[in-house]
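Participant: Using only what follows, build the 3D model:
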Amino acid sequence: MFNKKTLLKAESRKKIRKRIRKKIRGTAERPRVFVFKSNRYLYTQAVDDSTGTILAAASSAEKGYREKKKKTKNLEASKTVGELIAKRLIKKKIEIIVFDRGAYPYHGRVKALAEAMRKEGLIF
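Facilitator: Below you'll find the model as predicted:
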């Protein structure tokens, strides 16, 4: 019973992610910022889908982040990661992005991350 339930959940996440990725593509001028949440950390990457390269990345698992903050999976951590990725993208002269929430609802940590990126000056 338990195994079937987890497989159904994983399959539904794959369908949601595939449906979203059909509509969203990143370019060098307007990269796709992807969000991944694990049970412990939050990861973001800015990806150029035309060449398949990662332009910038930030996470709550970085050594520099963990030295400053102890908590890695709360709203404050999400805001800090959003500020980090935004600063790194602006440093590379990228101000307009496409936000890819993955299979996660736009709520909680994902929403806090997006709002922090907007506050730093990214447009999406």
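Participant: and the helix ranked longest in the chain, what's its mean pLDDT?
Facilitator: In the chain, assigned by DSSP state H, the helix with the most residues is helix 2-23. Averaged across helix 2-23, the pLDDT comes to 84.
Participant: residue contacts, residue 53?
Facilitator: residue 47 (Cβ atoms under 8 Å, 6 or more residues apart in numbering). Glycine gets a C-beta too; all of them are placed from N, C-alpha and C.
Participant: Look up which residues are beta-bridged to it.
Facilitator: Beta-bridge partners recorded for residue 53 (DSSP bridges): residue 48.
Participant: Just give me how far the longest helix of the chain sits from the chain centre.
Facilitator: Mean C-alpha position of helix 2-23 versus that of the full chain (Cα atoms, centre = their mean, to the nearest Å) differs by 18 Å.
Participant: ok, now stretch 93-107?
Facilitator: That offset, for stretch 93-107, works out to 6 Å (Cα atoms, centre = their mean).
Participant: Okay, now that stretch: how far is its last residue from its first?
Facilitator: Using Cα to Cα, to the nearest Å, one end of stretch 93-107 lies 28 Å from the other.
Participant: begin at 43 from here
Facilitator: New numbering, starting at 43: the last item is stretch 135-149.
Participant: Just the buried positions in it, please.
Facilitator: 136, 139-143, 145-146 (16 or more other Cβ atoms under 10 Å).
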